[in-house]
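Colleague: sequence below, structure please.
(2 chains)
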Number of protein chains: 2
Amino acid sequence: MANLRGGIDLGGTKIQTAIVDAGGEVLGESRRPTPTDGGPAGVAEQMAEALREAAEQAKVEPADLEGVGVGSPGDADEKTGAVSSAKNLPDWEGSFPLASTLKDALGTAVRVGNDVQVATEAEFHLGAGREFQSLIGVFWGTGVGGGLVLDGKPWLGRGAAGEIGHMVVKRGGAKCPCGRKGCMEAYAGRSAMEAEARRLHEEGTKTDLFKLMEKHEKPRLTSGIWERALDQGDHLAEDLVNRAIEALGTGIASAVNLIDPEAIIIGGGLGVRFGDRYMEPLTREMSKHLFLDEKPPAVKVASLGDLGGAIGASLLFAR
Amino acid sequence: MANLRGGIDLGGTKIQTAIVDAGGEVLGESRRPTPTDGGPAGVAEQMAEALREAAEQAKVEPADLEGVGVGSPGDADEKTGAVSSAKNLPDWEGSFPLASTLKDALGTAVRVGNDVQVATEAEFHLGAGREFQSLIGVFWGTGVGGGLVLDGKPWLGRGAAGEIGHMVVKRGGAKCPCGRKGCMEAYAGRSAMEAEARRLHEEGTKTDLFKLMEKHEKPRLTSGIWERALDQGDHLAEDLVNRAIEALGTGIASAVNLIDPEAIIIGGGLGVRFGDRYMEPLTREMSKHLFLDEKPPAVKVASLGDLGGAIGASLLFAR
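Modeller: Numbers count the residues shown, from 1 in each chain, chains lettered A, B, ... in the order given. As a prediction, the model looks like this:
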């Protein structure tokens, strides 16, 4: 079983685990909600439990895995295995020794990495980026995260590379959830889009977005709610998605002008849902700002779906 | 003499050559104006002549050099040795086999590379970037060019990486000499700054910039003219340099958020002249948009001066 690896994608709402073989095949998987109490230790406990379930499905003991990788939000330190400032997780402002805690619970080696970076690497090795040697992953969801693979290898910079969502698209522009102004995420992140929709709705702009949210008993404007609103021709939803696409196209073009990669892979909740639907306006917006517009990179939608993060995490043992 | 290399920095106004030993020492150098007639062949002839002069100073025959590198504007194809679309050179819209032409003229191997990229590599190996493993060179002059060194190696992308001057800092913003809108260069390039100064002056804004230009018999607002105007407290000059610094800080921050390099090296005519003077406002503007503002990269002014380009070109034979 030395070739089997575990992967855990730790998200703000759910924990997704997978057991993956050396060929990238998923032999077992399990998901559960991210607990909202118990702090980092409580989260780690549920992560271990979900990993055990996936292992049982795959008929392997966790201790017999080559190792378990974790894709984590916040500042995941690959060297120490600690995760800090994971602000969308409960009581996780400080630093928590996630790798060593899970190692004790599971009896196998554990590595942590950035959630978006490992998802990018999964697309590079097994998904929509297989045919390329350099690519930028753009994960369009609650926020906008990025990951880089250059010359076939992950590029982490000093540990914090890939923050494409915080590239500036408009100096002095909209306030971003990060506190700064004019970031791509201030226009394109689901969370910023929802805040803007709410503000405009309260000011009197007509929209069915919030009615749909209530009807489908969602706590927020999920990508599914945005899609329903678009399908029924909701003007506010259309305007805000178009605005997001403009910001994405502009920021991606800036990144391409700097790095000149072979491909852009669009993932994340909104990215996977809208990537194909908005491919034409997205590439058009990008082209407007490409320095070499006659030689654009390939733009593809991520192909591994919800399991991409967990598969990518398992690849921390294949680097 | 196998360890001696030649370098030629091909610019829009001058050709600078150098003979460089394996330790980076310059043993001979020569410069002459870039001819305005005769097209690419005429330019190549002057390049060969200037290289021969430098070789004579260094007491070496061109044919005995390990090779001659050329840092070129436009699209310099490292594989074929051709240079295309060098729009700031006379009649150089198309493609010209620069490497093979110079090889025939000089009797030694010739390689071409991007001028800004090789200048960045010179700073990395021998200049202000010596202590770092990853850096972005930002060459602030007529335009704003960039070069990347990642993990100790040049990063060229598909051949066109480093166009930091065409990262967008303001969607829908000022018109850039490249024809697009809101690029960093639209605010920070010397050429765009001069056009804006002229427009505002013609609209009635007071400034001594153009008087100084005439007094010193310059054909354009050189970096020296900008400096004189600043020194005498010219308000328009101050406003436009501040605007340039804002755009530079914003665009550099975007690049840092994406790549997370150890250092930024500021070079180019304006960069070398104003780098120290404006270091504080530049790093302040950058900090405003850094995602990890508690961990900024080092920012240093290029240290090789006018010879950096030619030295960097010679390093094309040291890669």
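
Colleague: and chain B, is stretch A:95-103 touching that?
Modeller: No. Contact between stretch A:95-103 and chain B is absent, the nearest approach being 14.4 Å (criterion: C-beta under 8 Å from any C-beta of the partner chain). Where C-beta positions appear, they are placed from N, C-alpha and C, glycine not excepted.

Colleague: now that stretch, how far from the centre of its chain.
Modeller: 21 Å (C-alpha atoms, centre = their mean, to the nearest Å).

Colleague: helix, strand or coil for residue A:147?
Modeller: strand (DSSP: H, G, I helix; E, B strand; the rest coil).

Colleague: what's across from it in the sheet?
Modeller: Bridge pairing for residue A:147 (DSSP bridges) gives the partners residue A:137.

Colleague: hmm, which helix or strand of chain A has the shakiest average pLDDT?
Modeller: strand A:75-76 (a mean of 92; mean pLDDT, DSSP states H and E).

Colleague: now for that strand, which elements pack on it?
Modeller: strand A:83-84, strand A:110-114 (3 or more C-beta pairs under 8 Å, 6 or more residues apart in numbering or on different chains; DSSP states H and E).

Colleague: ok, and what's touching it?
Modeller: A:70, A:82-86, A:98, A:112-115, A:159-160 (C-beta atoms under 8 Å, 6 or more residues apart in numbering or on different chains).

Colleague: identify whichever of the helices and strands packed on strand A:75-76 lies nearest to residue A:188.
Modeller: Comparing those against residue A:188 with C-beta to C-beta, the closest turns out to be strand A:110-114 (19.2 Å).

Colleague: distance from whichever helix or strand comes after the closest one to the middle of the chain?
Modeller: Downstream of strand A:110-114, the first helix or strand assigned by DSSP states H and E is helix A:115-126. Relative to the centre of its chain, helix A:115-126 is centred 10 Å away, using C-alpha atoms, centre = their mean.

Colleague: check which residues of helix A:115-126 are buried.
Modeller: A:115, A:116, A:117, A:118, A:119, A:120, A:121, A:122, A:123, A:124, A:125, A:126 (16 or more other C-beta atoms under 10 Å in any protein chain shown).

Colleague: adding pLDDT and distance to chain B, write the residues you listed out as JSON lines.
Modeller: Conversion of the buried residues of helix A:115-126 to JSON lines gives the following (pLDDT from 0 to 100; distance: C-beta to the nearest C-beta, whole Å):
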{"residue": "A:115", "pLDDT": "95", "distance to chain B": "15"}
{"residue": "A:116", "pLDDT": "96", "distance to chain B": "12"}
{"residue": "A:117", "pLDDT": "96", "distance to chain B": "11"}
{"residue": "A:118", "pLDDT": "97", "distance to chain B": "17"}
{"residue": "A:119", "pLDDT": "97", "distance to chain B": "17"}
{"residue": "A:120", "pLDDT": "98", "distance to chain B": "13"}
{"residue": "A:121", "pLDDT": "97", "distance to chain B": "17"}
{"residue": "A:122", "pLDDT": "97", "distance to chain B": "20"}
{"residue": "A:123", "pLDDT": "98", "distance to chain B": "18"}
{"residue": "A:124", "pLDDT": "98", "distance to chain B": "16"}
{"residue": "A:125", "pLDDT": "96", "distance to chain B": "20"}
{"residue": "A:126", "pLDDT": "96", "distance to chain B": "23"}
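
Colleague: now, among these, which is nearest to residue A:166?
Modeller: residue A:116 (12.3 Å).

Colleague: my read: residue A:200 touches residue A:236, true?
Modeller: Yes. Using C-beta atoms under 8 Å, residue A:200 is in contact with residue A:236, at 6.2 Å.

Colleague: please, where are all the strands along chain A?
Modeller: Secondary structure of chain A by DSSP state E: the strands cover A:5-10, A:14-20, A:26-33, A:68-72, A:75-76, A:83-84, A:95-96, A:110-114, A:135-140, A:144-150, A:153-154, A:263-267, A:298-301.

Colleague: straight-line length of stretch A:86-104, end to end?
Modeller: Start to finish, the residues bounding stretch A:86-104 are 21 Å apart (C-alpha to C-alpha, to the nearest Å).

Colleague: and what of stretch A:158-174?
Modeller: 28 Å.

Colleague: check the gap between residue A:152 and residue B:304 for me.
Modeller: Going from residue A:152 to residue B:304 by C-beta to C-beta, to the nearest Å gives 32 Å.

Colleague: the more surrounded of those two?
Modeller: Between residue A:152 and residue B:304, counting by other C-beta atoms under 10 Å in any protein chain shown, residue B:304 is the more crowded of the two (23 against 10).

Colleague: gap between that one and residue B:193?
Modeller: Residue B:304 is 24 Å from residue B:193, by C-beta to C-beta.

Colleague: leaving out the residues flanking it, which one is nearest to residue A:92?
Modeller: residue A:86 (4.1 Å; C-beta to C-beta, 6 or more residues apart in numbering or on different chains).

Colleague: now do the one you found, the pLDDT please.
Modeller: The model reports residue A:86 with a pLDDT of 88.

Colleague: burial of it, as a residue count?
Modeller: 24.

Colleague: pull the contacting residues for it.
Modeller: Taking C-beta under 8 Å, 6+ apart, one finds A:40, A:72, A:73, A:74, A:75, A:92 in contact with residue A:86.

Colleague: give me that answer again for 7 Å
Modeller: A:72, A:73, A:74, A:92 (C-beta atoms under 7 Å, 6 or more residues apart in numbering or on different chains).

Colleague: specify which member of the residues you listed is nearest to chain B.
Modeller: Using C-beta to the nearest C-beta, residue A:74 comes nearest to chain B of the contacts of residue A:86, at 12.0 Å.

Colleague: mind checking how far the closest residue to the closest one other than its chain neighbours is from residue A:220?
Modeller: Take residue A:74 and drop its neighbours on the chain: the residue closest to it by C-beta to C-beta, 6+ apart is residue A:86, 2.9 Å away. Residue A:86 sits 19 Å away from residue A:220, going by C-beta to C-beta.

Colleague: residue A:114 too?
Modeller: Going from residue A:114 to residue A:220 by C-beta to C-beta gives 24 Å.

Colleague: now swap in residue A:174 and tell me
Modeller: 19 Å.

Colleague: check residue A:125 too.
Modeller: Distance from residue A:125 to residue A:220, by C-beta to C-beta: 32 Å.

Colleague: the more surrounded of residue A:114 and residue A:220?
Modeller: In terms of neighbours (other C-beta under 10 Å), residue A:114 is the more surrounded of residue A:114 and residue A:220; the figures are 28 against 11.
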